[in-house]
Structure formats: structure tokens, C-alpha cells
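J.: Sequence below, structure please.
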Amino acid sequence: MEWKIADNIQGDAFDERWQHSSFQLSTAPTDTKHTFYVFGGSTKSKLGIETKLNDVIEFSSRDGSTWKTTMVSKGTMHKSSSLGNLFVKKENVAKSPTKEREEKYPAPRCCHTTAVLRTTEDIVESGKKPKITEEVVLFGGFDGKNYFNDVWILDTKKWSWRQITSDQKQIPSPRCWHTSVIYNEQMWVLGGYNGKTTLDDFWVFDFETQVPSIYSVTHL
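T.: Model (predicted):
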């Protein structure tokens, strides 16, 4: 095994970035052998001004050598936002205006997590394969000022976002630099940093009931 730099990249221009996340879909286009996606992160202008991103970029390749980039979701691109704190209650969900149409986006951010939620239909017609749906779950992050604990779902067919809302009193606190994984159609979140303290709490979010629960962690 060895490292190689992929320097043959064509397609939509995208910002240099760090502190972003990436994910892969099993239902990606079949005409490309290699496909993955990048969301958000931090970038700097030529003047050294740091800003956060909330775009989604597709990287695809047939041979693993020549790559094509496609911006499947532009986001609000470089516009700072303080939206996203807490599981926002339904009546308080805000929309981010664009010139083309009204559409919701998560606030630009870095140091978040994205994980793929795969669901398979229960009832399948005879002779047909079960339909698999893949959605991307975004949790937490940091926009340079605010720490987030919001949950967003990305529809990977329409490339549109929707926010999960909750009236629960017990929810994870805003954070970044945490880890998350989806297992058994639930999202598990561990630790992170809230600007003052390193966290060691362990949460699970059930997508069916849309209720978060906290688990105790035993320190050895």
C-alpha cells in the first residue's frame, strides 16, 4: 500500500478546506466506480479571512486517477449564520433565502460529524430487490462563534436538507470535535468540546421516535 496524490481533478471549482467531513453512499451512480462526498469545513480567502462552508461536493472517478467534482448542494456559501443551536422547536425553524428559491440549509460549520442512515423497505414485491434509502445525518459543529447541537437530514436523491426538531428537555449540549456513528438505525454520539470543557457524555438518537437518550459511561 502506498500514498498517491490525486492531482487530476476536473469539474466544478471548490474551496480549499479543512475540518470538513466526508461520507460514501452505496447507492451512488453506477457509471462511476469511485464516488465520495465532502460537506462543509473551514476555508480562507486570499486575504486570510477564515469562513465556514455548508456545501456538498461529489468526487467521482471511473479509474481512480481522473476525478470529477460536482457541487450537488451549494449551501449558502460563505455567509455566516448563527442558526442551528439546539434541536430548534418546530415553530422556530428558520429558512435560509436564496435567489432561486426558499430552501433550508444547516448553518455553515466545521468540526461536525456526518453519518449515513441506510433503511430498507419492509415489503418487497416478488422478484424485486428491496429498495434502499440512504440519507446523511449531520450533527453538531462550530461556526467560529457558536457551537451547535442541531440534527439535519440530507436527502441524497433531491440533495435537500430538513431539520429534525424536538420538544425534549434532555438533549445533548452544543459541541464540536465529537464522534458519531449510525448503528441499528440510531445515531450514537460520544464526547466533544464545547469551548470550555472536553465532554465525555454518550448519547443515542432514535430516528423512529426522534427522541435522544443519554447513557452512562463507566471510566476504568
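J.: secondary structure element for residue 51?
T.: strand 50-61 (DSSP states H and E).
J.: Can you list the buried residues in that strand?
T.: Under the neighbour-count criterion of 16 or more other C-beta atoms under 10 Å, strand 50-61 has 51-61 buried. C-beta here means a position set from N, CA and C on the backbone, and glycine is covered the same way.
J.: do the same with stretch 104-112
T.: 105-112.
J.: Kindly report the same for stretch 159-176.
T.: Within stretch 159-176, the residues that qualify as buried are 161, 163-166, 171-172, 174-176, counting by 16+ other C-beta under 10 Å.
J.: hang on, the earlier thing: remind me what the strand holding residue 51 packs against, helices and strands.
T.: Contacts defined by 3 or more C-beta pairs under 8 Å, 6 or more residues apart in numbering; DSSP states H and E place strand 50-61 against strand 34-44, strand 66-73.
J.: For these, give me TSV that also has distance to residue 195, mean neighbour count and mean pLDDT.
T.: Converted to TSV, the helices and strands packed on strand 50-61 look like this (distance: least, C-beta to C-beta, whole Å; neighbours: other C-beta atoms under 10 Å; pLDDT from 0 to 100):
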stretch	distance to residue 195	mean neighbour count	mean pLDDT
strand 34-44	16	20	95
strand 66-73	28	16	93
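J.: how about TSV for those, with distance to residue 24 added?
T.: TSV is the format used below for those (distance: least, C-beta to C-beta, whole Å):
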stretch	distance to residue 24
strand 34-44	5
strand 66-73	14
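J.: Residue 148 is nearest to which of these?
T.: The closest of the helices and strands packed on strand 50-61 to residue 148 is strand 34-44. By C-beta to C-beta, the value is 11.2 Å.
J.: what sits up against the closest one?
T.: 14-25, 28-29, 50-62, 64, 72, 75, 108-110, 112, 114, 136, 138, 141, 154 (C-beta atoms under 8 Å, 6 or more residues apart in numbering).
J.: what's the angle between it and strand 50-61?
T.: Relative orientation of strand 34-44 versus strand 50-61 (axes from the mean of the first three to the mean of the last three C-alpha atoms, to 10 degrees): 160 degrees.
J.: Go ahead and measure how far strand 34-44 is from the middle of the chain.
T.: Chain-centre distance of strand 34-44: 10 Å, with C-alpha atoms, centre = their mean, to the nearest Å.
J.: Equivalent analysis for stretch 175-195, please.
T.: That offset, for stretch 175-195, works out to 12 Å (C-alpha atoms, centre = their mean).
J.: Show me the two of the buried residues of stretch 104-112 that sit farthest apart.
T.: Among these, the pair separated by the greatest distance (C-beta to C-beta) is 105 and 111, which sit 17.7 Å apart.
J.: from memory residue 108 sits against residue 53, does it?
T.: Yes. Counting by C-beta atoms under 8 Å, residue 53 is a contact partner of residue 108 at 5.4 Å.
J.: By mean pLDDT, flag the weakest helix or strand of this protein.
T.: When each helix and strand of the chain is scored by mean pLDDT, DSSP states H and E, strand 96-97 comes last, with a mean of 42.
J.: What is the nearest of the buried residues of stretch 104-112 to residue 210?
T.: Residue 210 has its nearest neighbour among the buried residues of stretch 104-112 in residue 106, at 17.0 Å by C-beta to C-beta.
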